[in-house]
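Pasting a predicted model and its sequence here:
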Amino acid sequence: MKIKKIGHCCLVIEIATANGLVRLMTDPGVYSKGQTEEKNIDAVFITHEHSDHFHIDSVRGIIANNPQTRVFTNTAVGKLLEKEGIPFQLLENGAQIDIKGVLIGSKDEQHAEIYRELPRVQNTGYFIFDPAEQTFFYPGDTFMLPGQRVDILALPVSAPWMKVSESIDYALAVKPRVAFPVHDAILSNPEMGSFAPKMFLPKHGIEFVVIPVGGEATF
């Protein structure tokens with residue numbers, strides 16, 4: 001199994017099978033670049049509707065560049081795709097699909113809480129089982145326990161909904177052979193961490209001002 005990181009949570013997983021090379025993509029969002037340039041993508045898996053995981057123009061671009069690709073997601077994202085006239089297949093709540101000899105499974109848990117005033121959306125994590133009997137798991141924006149052995153874990157490391165200690169504890173609970181970081185665009189752009197305070201604090205009478213690196217503000 002070869003995993004290419006496009007950015008943030010957008011990955012391309014390559015698996016050699018008796019039926020040829022299988023290329024699977026996860027979560028083409030606004031914080032990753034280059035996803036529309038990828039070729040020979042057999043399927044795209046979208047965990048939930050937040051823009052850092054689901055960017056409609058990227059999905060259109062991927063399909064245009066890969067007419068053979070299929071989009072798999074959950075009911076919540078499916079409703080948004082349906083409005084845009086983009087075909088998709090549901091893969092949620094423990095359902096599985098076989099793509100050219102590669103089995104992909106699903107597991108649902110609500111998106112981790114960002115703040116109590118923000119509704120929690122449906123989140124679907126995905127398992128990929130390769131012919132070498134390795135199990136890859138990408139939980140989306142949750143710390144859901146997979147309920148089975150995981151060899152390779154896509155580990156969220158930085159987000160408004162988590163602490164670093166939770167990320168470490170999650171990896172220790174899952175006990176994969178190897179983990180690698182995802183959900184990390186916020187580390188390269190501090191302004192990305194400001195959306196939640198910017199959304200909620202003004203409603204409670206607190207002005208929230210983002211000072212960019214190298215910028216100034218007078219108070």
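That came in fine, so what should we check first?

What mean pLDDT does stretch 52-63 get?
In this model, stretch 52-63 carries a mean pLDDT of 98.

what about the residue nearest to Val71 when sequence neighbours are not counted, distance to Glu191?
Of all residues not flanking Val71 in the chain, Phe88 sits nearest, at 4.3 Å (CB to CB, 6 or more residues apart in numbering). Every residue, glycine included, has its C-beta placed from N, CA and C. Between Phe88 and Glu191 the computed distance is 32 Å (CB to CB, to the nearest Å).

How about the nearest residue to Arg70 once chain neighbours are set aside: which residues does it bridge to?
Once flanking residues are discounted, Arg70 sits nearest to Ala43: 4.9 Å by CB to CB, 6+ apart. Under the criterion DSSP bridges, Ala43 forms beta bridges with Leu24, Arg70.

neighbour-wise, which of Phe88 and Glu191 wins?
Using other CB atoms under 10 Å as the criterion, Phe88 and Glu191 rank with Phe88 on top: 20 against 13.

My guess is the more buried one contacts Gly78. True?
Yes - in this structure Phe88 lies within contact range of Gly78 using CB atoms under 8 Å: 5.5 Å.

which residues in this structure form strands?
Using DSSP state E, the strands of the chain run over residues 2-7, 10-17, 20-26, 43-45, 70-73, 89-90, 96-99, 102-108, 124-129, 135-138, 152-156, 178-182.

Show me the shaky parts of the chain.
When residues are selected by pLDDT under 70, those of the chain lie in 213.

Let me see the ranges of the helices in it.
56-65, 75-83, 164-174, 185-188, 195-200 (DSSP state H).

Adding distance to Leu24 and mean neighbour count, write those out as JSON lines.
Below are the helices of the chain laid out as JSON lines (distance: least, CB to CB, whole Å; neighbours: other CB atoms under 10 Å):
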{"stretch": "helix 56-65", "distance to Leu24": "12", "mean neighbour count": "17"}
{"stretch": "helix 75-83", "distance to Leu24": "16", "mean neighbour count": "16"}
{"stretch": "helix 164-174", "distance to Leu24": "20", "mean neighbour count": "14"}
{"stretch": "helix 185-188", "distance to Leu24": "21", "mean neighbour count": "16"}
{"stretch": "helix 195-200", "distance to Leu24": "29", "mean neighbour count": "15"}
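
Tabulate these (a markdown table), appending distance to Arg116.
Formatted as a markdown table, these follow (distance: least, CB to CB, whole Å):
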| stretch | distance to Arg116 |
| --- | --- |
| helix 56-65 | 28 |
| helix 75-83 | 20 |
| helix 164-174 | 17 |
| helix 185-188 | 21 |
| helix 195-200 | 9 |
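
which one of those helices lies closest to Ile114?
Nearest of the helices of the chain to Ile114, taken as CB to CB: helix 195-200 at 5.6 Å.

quick one: contacts for the residue nearest to Gly61 when sequence neighbours are not counted?
Leaving aside its sequence neighbours, Gly61 sits nearest to Thr36 (CB to CB, 6+ apart; 3.2 Å). Shown in contact with Thr36 (CB atoms under 8 Å, 6 or more residues apart in numbering): Pro28, Ser58, Gly61, Ile62, Ala64, Asn65.

show me the contacts for Lys4.
Lys4 is in contact with Leu11, Val12, Ile13, Glu14, counting by CB under 8 Å, 6+ apart.

Could you give me the ChimeraX syntax to select whichever of the residues you listed are buried?
Buried residues within those, by 16 or more other CB atoms under 10 Å, are selected in ChimeraX with:
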select :11,12,13
